[in-house]
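Student: Here is a sequence with its predicted model. Questions after.
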Amino acid sequence: MSDLFAAAHLSDQAPHPLADRLRPRHLDEVAGQDHLLGRDGALTRLIRAGSLGSLIFWGPPGTGKTTVARLLAQETKLAFVQISAIFSGIAELKKVFEEARKRRAIGQGTLLFVDEIHRFNRTQQDSFLPVMEDGTITLIGATTENPSFELNAALLSRARVLTFRALDEAALEKLLVRAETVEGKPLPLTPEARETLLRMADGDGRAVLTLAEEIWRAAPPEPLDVAALTEIVQRRAPIYDKAQEGHYNLISALHKCVRGSDPDAALYYLARMLDAGEAPLFIARRIVRMAIEDIGMADPQALVVANAAKDAYDFLGSPEGELALANALIYVATAPKSNAAYRAYGAANRLAKEHGSLMPPKVILNAPTKLMKSEGYGSGYEYDHDSPEAFSGQDYWPEKLGRQNIYKPVERGFEREIKKRLEYWEKLRKERERS
């Protein structure tokens, strides 16, 4: 019955969202993906060569992944079949594959577009492999998540990953101009409000057209300023999945800003994460980690401050506790930096694994039994508090390993003082070895 309705074009008479009405009909109408569809773009070259191969489209929502897949089928004369991993299972896939085999038998290829392909499990992803290899289908999978994390290595090895970029403001503006042409009227916005609208879209072409529709639907008598625009469209939530790549990108940015001693940028990413709904205690744990890894003994107080901020958030909650996190973030970003302790611990781990269970020197072993005393356990040990300057200078390393130098403090912050102590003790050690 639905086929009869389609044949009669009854659906054309139904209302369609603006984004659907403005969907490009040719590849050169796609906005914001010139690196793929420009004269020397990756997809342009594949079309020119006459062979697409299987592809994975990776990029944020509203960047044209579905539209481009549909237009590629049109360009290459392949039958276009679209499914969503959210609503499909193995039974549905088997049916799609069988229909593709029938088309192939009569000389018709199939471009299978799988939206949200990352939502298929390993078994479902593996089911694509044989039909990709024998040419039954040309697969185009679309995902908003990093394929390296979400797709099987076997599937990735048989497909080329193409990255779709979030639309910049010029591309979004181009969409708005097209929308105004189709609607036959300008958007009732002040120049400042128009710029704000573009930022609200967050690089999503579908979003900017949906927001434009909301504005026209409101039919304001006068152009909207920024405040009125915000009131009407209610501000679109940032694109940020706390369990996926957006989460890792922002926490990585936050950590590197602290390591790079840029408190302003660090505060910006902190605000971004909190605004998007990130768990504040996750951020607090990361600030503690920054204090340990990137500051260490250059400012031992950094760990105290970071832990205090975590406790303050636990005690105050949101929003007051978020200021404690901001304070701690500023502290660690402006603290002197050293990864000497981090590197020393790594070196110690490598030594321990490479040299096995070496016996400590008997001089520092306890001798609770007569047998152990007779074997020399504890013999010759010097109690450091009884030595001049509370330093005996004895060698505590396993004999087969010898003395090692793995902690190398830097000339910054408190580690400058530690370095002076270590150099002084080394001087005393050498003097006592000579005497």
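Tutor: On my side now, so go ahead. Numbering: from 1, shown residues only.

Student: Tell me how far Asp294 lies from Asn249.
Tutor: Separation of Asp294 from Asn249 (C-beta to C-beta, to the nearest Å) stands at 19 Å. Placement of C-beta: from N, CA and C, glycine included.

Student: Which one's more surrounded, these two?
Tutor: Under the criterion of other C-beta atoms under 10 Å, the comparison of Asp294 against Asn249 puts Asp294 first, with 22 against 13.

Student: Read off the pLDDT value for the more buried one.
Tutor: pLDDT for Asp294: 96.

Student: same thing with Arg217?
Tutor: Looking at Arg217, its pLDDT reads 86.

Student: which element is it on?
Tutor: Per DSSP states H and E: Arg217 is located in helix 205-218.

Student: now Ala142
Tutor: Per DSSP H and E: strand 138-143 holds Ala142.

Student: what does whatever helix or strand comes next after that strand contact?
Tutor: The C-terminal neighbour of strand 138-143 among helices and strands, as given by DSSP H and E, is helix 147-150. For helix 147-150, contacts defined as C-beta atoms under 8 Å, 6 or more residues apart in numbering pick out Ile56, Trp58, His118, Thr143, Leu156, Val161, Glu245.

Student: Tell me the first helix or strand C-terminal of the strand or helix carrying the first one.
Tutor: Yep, that's Ile56 we're talking about. Using DSSP H and E, Ile56 sits in strand 55-58. Downstream of strand 55-58, the next assigned helix or strand under DSSP H and E is helix 65-76.

Student: quick one: low-confidence ranges for this structure?
Tutor: When residues are selected by pLDDT under 70, those of the chain lie in 1-15, 235-246.

Student: can you do 50?
Tutor: 1-2, 4-5, 8, 237 (pLDDT under 50).

Student: buried sites along the helix ranked longest in it?
Tutor: Of all the elements of type helix in the chain, the one with the most residues (DSSP state H) is helix 413-434. Judged by neighbour count using 16 or more other C-beta atoms under 10 Å, the buried positions of helix 413-434 are Gly413, Phe414, Glu415, Ile418, Lys419, Leu428, Arg429.

Student: Could you dump these into CSV and include distance to Arg45?
Tutor: Below are the buried residues of helix 413-434 laid out as CSV (distance: C-beta to C-beta, whole Å):
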residue, distance to Arg45
Gly413, 53
Phe414, 57
Glu415, 53
Ile418, 58
Lys419, 57
Leu428, 70
Arg429, 67
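
Student: packing partners for the strand holding Ala142?
Tutor: In terms of contacts (3 or more C-beta pairs under 8 Å, 6 or more residues apart in numbering; DSSP states H and E), strand 138-143 is packed against strand 55-58, helix 65-76, strand 110-115.

Student: Among these, single out whichever gets nearest to Tyr424.
Tutor: strand 55-58 (56.4 Å; C-beta to C-beta).

Student: hmm, back to that, so what secondary structure elements neighbour the helix holding Arg217?
Tutor: For helix 205-218, the packing partners by 3+ C-beta pairs under 8 Å, 6+ apart come out as helix 18-21, helix 169-183, helix 191-200, helix 226-233.

Student: in the stretch 201-350 of the chain, which spans are helices?
Tutor: Taking DSSP state H, counting those that start in this stretch as the test, the helices found in the stretch 201-350 of the chain are 205-218, 226-233, 245-259, 263-275, 280-290, 301-316, 320-334, 340-355.

Student: ok, residues contacting the shortest one?
Tutor: If I follow you right, that is helix 226-233. 189-190, 192-193, 196-197, 200, 211, 214-215, 218, 220, 224.

Student: relative to helix 191-200, how tilted is that helix?
Tutor: Angle between the axes of helix 226-233 and helix 191-200 is 40 degrees (criterion: axes from the mean of the first three to the mean of the last three C-alpha atoms, to 10 degrees).

Student: returning to that earlier point: quick check, nearest of the contacts of helix 147-150 to Asp20?
Tutor: Thr143 (21.9 Å).

Student: which one is the closest one nearest to, not counting chain neighbours?
Tutor: His118 (4.4 Å; C-beta to C-beta, 6 or more residues apart in numbering).

Student: Kindly indicate which of the buried residues of helix 413-434 lies nearest Leu329.
Tutor: The closest of the buried residues of helix 413-434 to Leu329 turns out to be Gly413 (C-beta to C-beta; 17.9 Å).

Student: Could you pull up the contacting residues of that closest one?
Tutor: By C-beta under 8 Å, 6+ apart, the contact list for Gly413 reads Ile295, Met297, Ala298, Asp299, Ala335, Pro336, Ser338.

Student: Which residue ranges make up each domain of this protein?
Tutor: 33-163, 169-233, 245-334, 359-434 (automatic domain parsing).

Student: ok, the strand holding Ile56: who's next to it in the sheet?
Tutor: With DSSP bridges as the test, strand 55-58 is paired with strand 138-143 (parallel), strand 160-163 (parallel).

Student: picking that back up, how about the helices and strands packed on helix 205-218 in a markdown table, adding mean neighbour count?
Tutor: Formatted as a markdown table, the helices and strands packed on helix 205-218 follow (neighbours: other C-beta atoms under 10 Å):
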| stretch | mean neighbour count |
| --- | --- |
| helix 18-21 | 16 |
| helix 169-183 | 17 |
| helix 191-200 | 17 |
| helix 226-233 | 16 |
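
Student: Out of these, flag the one nearest His355.
Tutor: helix 191-200 (57.5 Å).

Student: Next, the angle from the closest one to helix 205-218.
Tutor: Computed by the same axes, to 10 degrees, the angle separating helix 191-200 from helix 205-218 equals 140 degrees.

Student: same for helix 191-200, what does it pack against?
Tutor: helix 169-183, helix 205-218, helix 226-233.

Student: Just give me how far the shortest one sits from the chain centre.
Tutor: Pointing back at helix 226-233 there. 31 Å (C-alpha atoms, centre = their mean, to the nearest Å).

Student: ditto for the first one
Tutor: Averaging C-alpha positions (C-alpha atoms, centre = their mean) puts helix 169-183 30 Å from its chain's average.

Student: That helix - contacts with which helices or strands?
Tutor: Other helices and strands packing on helix 169-183, by 3+ C-beta pairs under 8 Å, 6+ apart, are helix 18-21, helix 191-200, helix 205-218.

Student: sorry, back to before: between the buried residues of helix 413-434, which is nearest Arg178?
Tutor: Gly413 (56.6 Å).
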